[in-house]
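Student: Here's a sequence, model it:
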Amino acid sequence: MLKTSNHTSSPPVAVQGPCGPVRLKWHKLRTNLAEAPFKRSNLALGWQLGASLEVDILATADGRFAVLHDPTLGPSTTGRGRVPRTPIAAMSGLFHRDAAGTPDPDAPVLSLADLIAPLRTRRRAPSANLQLDLKLLEGHSLPDSAIADAAAAVAGLEDAIVVGSHHLNDARRLVAAIPGARLGYDPMLAVSRQPGLRDPEQLLRHMERRGAGVSLAYLRFDTIVAAEKQGFPLVARLLDLGIETDAWTVNPGGDVNDTVLRTLVEATVRQITTDASSAIFGLIRAL
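Tutor: From the prediction side, this is the model:
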């Protein structure tokens, strides 16, 4: 069961909103904006607390998956070079940097297999899940060797895995190799390339045509807010299709205010992606 609370000393994993519980997904395994991404200690903690966790994966030169967000190693890590041209062994000894640019020894650059291997010996809370955010670079296809690498990396943990991506066909290939994993689709790249999809009704039709097997839709939070302002219940209509919505990326400040948060929770988003789960927890509880 997903646990929510009025107060927590640990980073929260969900918050009780006006319309029910909302999962707070730890974006890049972060629990606050200052820390480095992909910290091993946060992965272990979230696994035990029952968090929705997210890591980005990119294929390396030798057909392995590295846990990385950007196509280049620098400046977000201590390395240099393009990820698709670098074998995984050459990344040994590199570290992700925190918001101040300081390398974090708790956040080494690792293969997917090496990052999640310790989870097999750790207690998993029933609600814990791990999203693999599949990144593909323009002009690059997903090699079969990388699919095999991911399948081996998550063996025994398949029912905790969610594969999400802008690239739905490749995500389907990866999910097919991980029996029990769930499939998510982020249509926002398609929206950027097809302006007509900014109309929420057109976006819903786009999702309907591609919805077979999809259980999660990843939508930019302002897309949801815009649809609600137009009187079109996009999130509710997706739920009618059996697709839950994750609103990304929601952090304090900027365009995120009480009105935005109230709109998201009243639209019944089931998950919010954030780098600051405690701050968003507090803001939603105060609505």
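Student: hey, where'd the strands end up in the stretch 51-200 of the chain?
Tutor: Shown for the stretch 51-200 of the chain, the strands assigned by DSSP state E, counting those that start in this stretch span residues 52-59, 65-67, 95-97, 103-108, 129-134, 161-165, 182-185.
Student: Tabulate those (JSON lines), appending mean pLDDT, mean neighbour count and distance to V265.
Tutor: Every residue, glycine included, has its C-beta placed from N, CA and C. JSON lines is the format used below for the strands of the stretch 51-200 of the chain (pLDDT from 0 to 100; neighbours: other Cβ atoms under 10 Å; distance: least, Cβ to Cβ, whole Å):
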{"stretch": "strand 52-59", "mean pLDDT": "98", "mean neighbour count": "24", "distance to V265": "16"}
{"stretch": "strand 65-67", "mean pLDDT": "98", "mean neighbour count": "26", "distance to V265": "30"}
{"stretch": "strand 95-97", "mean pLDDT": "98", "mean neighbour count": "20", "distance to V265": "31"}
{"stretch": "strand 103-108", "mean pLDDT": "98", "mean neighbour count": "17", "distance to V265": "31"}
{"stretch": "strand 129-134", "mean pLDDT": "98", "mean neighbour count": "26", "distance to V265": "20"}
{"stretch": "strand 161-165", "mean pLDDT": "98", "mean neighbour count": "24", "distance to V265": "21"}
{"stretch": "strand 182-185", "mean pLDDT": "98", "mean neighbour count": "23", "distance to V265": "20"}
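Student: okay, those strands in TSV with distance to R220 next?
Tutor: Below are the strands of the stretch 51-200 of the chain laid out as TSV (distance: least, Cβ to Cβ, whole Å):
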stretch	distance to R220
strand 52-59	15
strand 65-67	23
strand 95-97	24
strand 103-108	26
strand 129-134	14
strand 161-165	14
strand 182-185	13
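Student: Nearest residue to the residue nearest the centre of the chain in space, please, no chain neighbours.
Tutor: For the chain, the residue nearest the mean C-alpha position is E54 (4.0 Å; Cα atoms, centre = their mean). Leaving aside its sequence neighbours, E54 sits nearest to Q131 (Cβ to Cβ, 6 or more residues apart in numbering; 4.3 Å).
Student: Next: A146.
Tutor: Spatial nearest neighbour of A146, excluding adjacent residues (Cβ to Cβ, 6+ apart): A59 at 4.3 Å.
Student: pretty sure that neighbour is touching I147, no?
Tutor: No. Counting by Cβ atoms under 8 Å, A59 stays clear of I147, with 9.4 Å between them.
Student: what sits in contact with each of those two?
Tutor: Common contacts of A59 and I147 (Cβ atoms under 8 Å, 6 or more residues apart in numbering): none found.
Student: Of the strands of the stretch 51-200 of the chain, which is nearest K28?
Tutor: Comparison of the strands of the stretch 51-200 of the chain against K28 by Cβ to Cβ identifies strand 52-59 as nearest, at 6.4 Å.
Student: which secondary structure elements does that closest one contact?
Tutor: Using 3 or more Cβ pairs under 8 Å, 6 or more residues apart in numbering; DSSP states H and E, the elements in contact with strand 52-59 are strand 20-26, helix 40-49, strand 65-67, helix 112-116, strand 129-134.
Student: S145 touches A61, doesn't it?
Tutor: No. Contact criterion Cβ under 8 Å: S145 and A61 do not qualify, at 10.9 Å.
Student: OK, contacts around the residue nearest to E54?
Tutor: Q131 neighbours (Cβ under 8 Å, 6+ apart): 25, 52-55, 161-164, 184.
Student: so where's the protein uncertain?
Tutor: Along the chain, the parts satisfying pLDDT under 70 run over 1, 3-8.
Student: about what we covered before: the residue nearest to A146 and S192: what is the separation?
Tutor: 23 Å (Cβ to Cβ, to the nearest Å).
Student: cool, P118 as well?
Tutor: P118 is 37 Å from S192, by Cβ to Cβ.
Student: cool, G231 as well?
Tutor: In terms of Cβ to Cβ, G231 sits 24 Å off from S192.
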